[in-house]
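Chemist: Make a model of this:
(one chain, ligands or ions: 1)
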Amino acid sequence: MTYARIVGTGSYLPENVMTNQDLEKLVDTTDQWIRERTGIERRHISTGETTVDLAEQAARRAIDAAGLSPRDIDLIVFATSTPDKIFPSSACILQARLDIHGCPAFDIQAVCSGFVYALSVADKFIKTGSSKKVLVIGAEVFSKIINWQDRGTCILFGDGAGAVVLEASEETGILSTHIHSDGQYEDLLRVPYGIGDGFDQVRAGKGTVEMKGNEVFKIAVNTLGQIVDETLLANNMTKTDIDWLVPHQANIRIIKATARKLRMSMDQVVVTVNEHGNTSAASIPLALDAAVRDGRIQRDQILLLEAFGGGFTWGSALIRY
Ligand code: UT7
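Modeler: Below is the predicted model of the structure:
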């Protein structure tokens, strides 16, 4: 049996940091409210770097960590909702930057679940023998689609990029992935305008994130609870088999609810939301890279990745690291 095994991770954050105190100057909010309701203390905000700029750094670090060179990569799957251009895809722009030629490269748009979706697609390419060494990216410059006058959303998001290299291996790696979506909830979380209206509304400043946060919160907690059950059942595993939860970093209260459901101590949960905010598709690979590089995550441990986001989309991956 062929598995997709993680052989390298990398990440990159823009240098510029925006604290909760900085946000107090922009909107009617307080550091205390943001910490208590979200767990966020600061976030990195690009001062001109694009999604692909961030992704390139993360990708090079992941490829280096794998001991490979960019030319070894035979598939690029790039998750983002904030692509540099309408086309070419961010995957193709990155491919040219890395001086890779000829292999398939494409974007995936599943908002905050984008990385789990990309991992799921990459896993299937490896399992079917189509690809051997896959670069999977989650990268976003969400700050570009934020209404900086809306305190309900502008305090939540940050910019960043994370990447993994997957290699076909006889040793176990990704055990299963589970992805879902339900388009009926568009009104709760969306950027309401774009190409459809010829960019007229975007030019008028309306191309920004709209969210009914409280309603999203409740559905996210329930749905993530269900995906955890689905993932364990599919692998005939129990809660105690999981060594690390590497969740999408939207809100510390959502993360804690999932940890409680798994009866996991917060010591077994990789948390970056305090430092990064919600970086959408980038949040899981950023967290994964942090815990791999600081030695918390060790070879052979069982990792559960899970995400919920706009669409709605949601998903999980169970990995023997
Ligand atoms: O990653 C993709 C999926 N996204 C998510 O998972 C996000 C899910 N939602 C959330 O994380 C939370 O709902 C928020 C952090 C967005 C909001 O927290 P909440 O506890 O659900 O607050 P709320 O929306 O129910 O608002 C409570 C109060 C309201 O005031 P009133 O009506 O009680 O007087 C808001 O106007 O807090 C007010 N409020 C704020 N106050 C200070 C909302 N935003 C702020 C703010 N600072 N930034």
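Chemist: if I pick the spatially closest residue to residue 127 that is not a sequence neighbour, what's in contact with it?
Modeler: With C-beta to C-beta, 6 or more residues apart in numbering as the criterion, residue 127 has its nearest non-adjacent residue at 5.9 Å, and that residue is residue 2. C-beta here means a position set from N, CA and C on the backbone, and glycine is covered the same way. In this structure, residue 2 makes contact with 126, 127, 129, 168, 169, 170, judged by C-beta atoms under 8 Å, 6 or more residues apart in numbering.
Chemist: can you rerun that using 10 Å?
Modeler: Residues touching residue 2, when contacts are defined by C-beta atoms under 10 Å, 6 or more residues apart in numbering, comprise 126, 127, 128, 129, 132, 168, 169, 170, 173.
Chemist: what's the fourth one sitting at in phi/psi?
Modeler: Per-residue torsions, residue 129: phi 80, psi 10 (degrees, to the nearest 10).
Chemist: The chain should start at 704 in everything you say after this.
Modeler: Will do, 704 is the new start, and the previous item becomes residue 832.
Chemist: right, and it touches residue 871 too?
Modeler: Yes: A contact is recorded between residue 832 and residue 871 when judged using C-beta atoms under 10 Å, the distance being 7.7 Å.
Chemist: from the chain's centre, how far out does the lowest-mean-pLDDT helix or strand in the chain sit?
Modeler: Scoring the helices and strands of the chain by mean pLDDT, DSSP states H and E places helix 903-906 at the bottom, with a mean of 94. The chain centroid and the centroid of helix 903-906 are separated by 27 Å, computed with C-alpha atoms, centre = their mean, to the nearest Å.
Chemist: In PDB, please show the C-alpha coordinates belonging to that helix.
Modeler: In PDB, the C-alpha atoms belonging to helix 903-906 read as follows (Å, rounded to 0.1, in the frame of the first residue of the first chain):
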ATOM      1  CA  ASP A 903     -18.300  47.300  -9.600                       C
ATOM      2  CA  GLN A 904     -19.100  46.500  -6.000                       C
ATOM      3  CA  VAL A 905     -15.400  45.600  -5.200                       C
ATOM      4  CA  ARG A 906     -14.400  49.000  -6.600                       C
END
